[in-house]
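> Give me a 3D structure for the following:
(one chain, ligands or ions: 2)
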Amino acid sequence: MSSEQKKQLQINRRNFLKAGVAATFLGVAGVLKTPGKFASAANNYAVQYAAAPKGQWSKIHPVHDMGSAAVRYVEHNDQWLGTTKIVGKIKNISEAENATALVVRRQLGELGANGVGDKAFRGYMTQTARHPLNTAIGQAAVLIATPAAVSGKPNPDKLAIPDPEQMSMHIKDLGYFLHCDDIAIGKMPEYAYFSHHYLSLKDMAKKPMEECIEPVTERLPYVIGILKDQHLETTLGSTGYDGISDAQSFNAYSATAFVSVIIANYIRRLGYNARASHAFNNIVAVTPCLVAAGLGEMCRLGNGSLHPRLGFRHKAAVVTTDLPLAPDKPIDFGLQDFCRVCKKCAEECPAQAISYDADTVEYNGYLRWNVSTLKCSIFRVSNEEGVSCGRCMKVCPWNSKEDSWFHQAGTWMGSQNSAGASLLRKIDDMFGYGTEQILDYKWWLEYPEMYKIPETITIK
Ligand code: SF4
Ligand code: SF4
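Ligands and ions are numbered 1, 2, ... in the order given. I've put the predicted structure just below:
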């Protein structure tokens, strides 16, 4: 940002505060430090839900930190997953059908024509290596991706454990002790299990499919969702698709993978079944697990969930288990109405992969906004201005832009109704968030010569 732009941003901010919007917000600022109040004040479901009747959500975070959003708890049933409407049978999908797998298998249909598919393939196969920090993080992450790291047999001698409420509190505290940014427990939706998962994504480039996948037979009753922030300052310093993008993603994926592997191993040592699923070895579709655990609502990204405090500036891993636990409930903080009017991610997506539609459409038995995961994947792996992409993450008004009372107030208003949504989006635009690079925070090294995708590659 130039000094002139910075000055303009400061003026905009002063004008905003002078304009009276601040006065409106001041009325709510006094209660922003106690977000729990909003759960009862704004509850239009008449459901007062206390996840831990013995007094605390956890010992470390007694009040679940959902930021300043007005959060209502909703019941989990056959017709809804949180605020996502279920309209038919949801089929268990194969991990081998995801967009990245289709890039590796070079099955992109018309989108792959005119050499686009070949370039995307070469881009994916060299993606991690095209920035030294990605390589460093990726090489560490594979160490916790082996079958022995994510799964195993439980201790045949069950150890004594507290009752489910206390045990749930204990598992959440363990997550915070291991440095995750949020953790919660859901009833595991059966349809969230993959029908098959792949043993090695890159192997699909050279081996028949049947040698690369195996069926998923596990069915356990609970899922522990684990979130890690992709780092606010780094996001603020990035365009969203420059050199740091892939490293941000890998870093948060690795951190959640590490926490999930430890928690699953710990639970098995207590004598119960537990399987870690993370970005590098996974048997579940993570988003419905997070929604079931009350860690977010499905958003305009179609296959992504958005957390009321972190937005979707996070990565996630989960642990499926039969450890006796007391599940949390899904949440509603008005995101469906917000996404209906916002559309900022759709406008800013360089691949035009996100729908501008006002309404959701049916996809595999549930309603969501349409998204072309293929267009997104092709852009991410083919991007030569940087490595990968997180532009939608950079621009979404929910992915908190700073820790201040007026941002909290904006988030609270955004969770109220579509007028609040519209206002928050306007404030976000007015401050220039997500539309420009803020150089103050840029700390990483760029290697543009490395971002070029090689014309030929050797598949080992
Ligand atoms: S990651 Fe980039 S290409 Fe994919 S949906 Fe987001 S903005 Fe679009
Ligand atoms: S940018 Fe707007 S429309 Fe897109 S996910 Fe965020 S809130 Fe929803």
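
> List phi and psi for the residue lying farthest from the centre of the chain.
Most distant residue from the mean C-alpha position of the chain: Asp157, 36.2 Å away (Cα atoms, centre = their mean). Here is the backbone geometry of Asp157 (degrees, to the nearest 10): phi -100, psi 100.

> From ligand 1, how far out is it?
Relative to ligand 1, Asp157 is positioned 47 Å away (Cβ to the nearest ligand atom, to the nearest Å). All C-beta spots, glycine's among them, are computed from the backbone N, C-alpha and C.

> Could I get the contacting residues of that residue?
Gly271 (Cβ atoms under 8 Å, 6 or more residues apart in numbering).

> Can we start the residue count at 104 from this point?
I'll keep to 104 as the first residue from here, and by that count the last item is Asp260.

> Tell me the predicted confidence for it.
Per-residue pLDDT puts Asp260 at 95.

> Helices of the stretch 104-253 of the chain, start to end?
Assignment of helices within the stretch 104-253 of the chain using DSSP state H, counting those that start in this stretch yields the ranges 106-121, 124-132, 139-144, 202-208, 219-229, 235-244, 250-253.

> Quick check: mean pLDDT of the first one?
Averaging the model's pLDDT scores along helix 106-121 yields 38.

> The fourth one too?
Along helix 202-208, the predicted local confidence has a mean pLDDT of 93.

> for it, packing partners?
The contact analysis (3 or more Cβ pairs under 8 Å, 6 or more residues apart in numbering; DSSP states H and E) places helix 202-208 against helix 219-229, helix 476-485.

> can you tell me if it touches ligand 1.
No. If you take Cβ under 6 Å from any ligand atom as the test, helix 202-208 misses ligand 1, and the best it gets is 9.6 Å.

> okay, that helix in CSV with CA atoms only?
The C-alpha trace of helix 202-208 is given here as CSV (Å, rounded to 0.1, in the frame of the first residue of the first chain):
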residue,chain,number,x,y,z
ALA,A,202,-10.9,-32.1,-7.3
THR,A,203,-7.2,-32.5,-6.5
ALA,A,204,-7.5,-36.2,-7.2
LEU,A,205,-9.1,-35.4,-10.6
VAL,A,206,-6.2,-33.1,-11.4
VAL,A,207,-3.7,-35.9,-10.6
ARG,A,208,-5.8,-38.4,-12.6
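
> Mind listing residues that contact it?
198-199, 211, 220, 223-224, 227-228, 301, 304-305, 307-308, 312, 476-477, 479-481, 484.

> contacting residues for the residue nearest to Leu323 when sequence neighbours are not counted?
Leaving aside its sequence neighbours, Leu323 sits nearest to Thr423 (Cβ to Cβ, 6 or more residues apart in numbering; 4.5 Å). Contacts for Thr423 (Cβ under 8 Å, 6+ apart) come out as 291, 321, 323, 325-327, 377-378, 380, 386-387.

> Switch those residues over to a markdown table; also include distance to Arg494 and pLDDT.
As requested, those are exported to a markdown table (distance: Cβ to Cβ, whole Å; pLDDT from 0 to 100):
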| residue | distance to Arg494 | pLDDT |
| --- | --- | --- |
| Met291 | 32 | 97 |
| Glu321 | 35 | 98 |
| Leu323 | 36 | 98 |
| Tyr325 | 35 | 98 |
| Val326 | 29 | 98 |
| Ile327 | 30 | 98 |
| Ala377 | 36 | 98 |
| Arg378 | 33 | 98 |
| Ser380 | 27 | 98 |
| Ile386 | 30 | 98 |
| Val387 | 27 | 98 |
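
> For the buried ones among the residues you listed, write the corresponding ChimeraX selection.
This is the ChimeraX syntax for the buried subset of those, where burial follows 16 or more other Cβ atoms under 10 Å:
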select :291,323,325,326,327,377,378,380,386,387
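
> I'd like the contacts of Thr423 written out as CSV, with secondary structure added.
Formatted as CSV, the contacts of Thr423 follow (DSSP: H, G, I helix; E, B strand; the rest coil):
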residue, secondary structure
Met291, coil
Glu321, coil
Leu323, coil
Tyr325, strand
Val326, strand
Ile327, strand
Ala377, strand
Arg378, strand
Ser380, strand
Ile386, coil
Val387, strand
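
> Verify the stated contact: Arg528 with Arg443.
No. Counting by Cβ atoms under 8 Å, Arg528 does not reach Arg443; the two are 11.5 Å apart.

> So which of these two has more stuff around it?
Taking Arg528 and Arg443 together and counting by other Cβ atoms under 10 Å, Arg528 has the greater number of neighbours (19 against 16).
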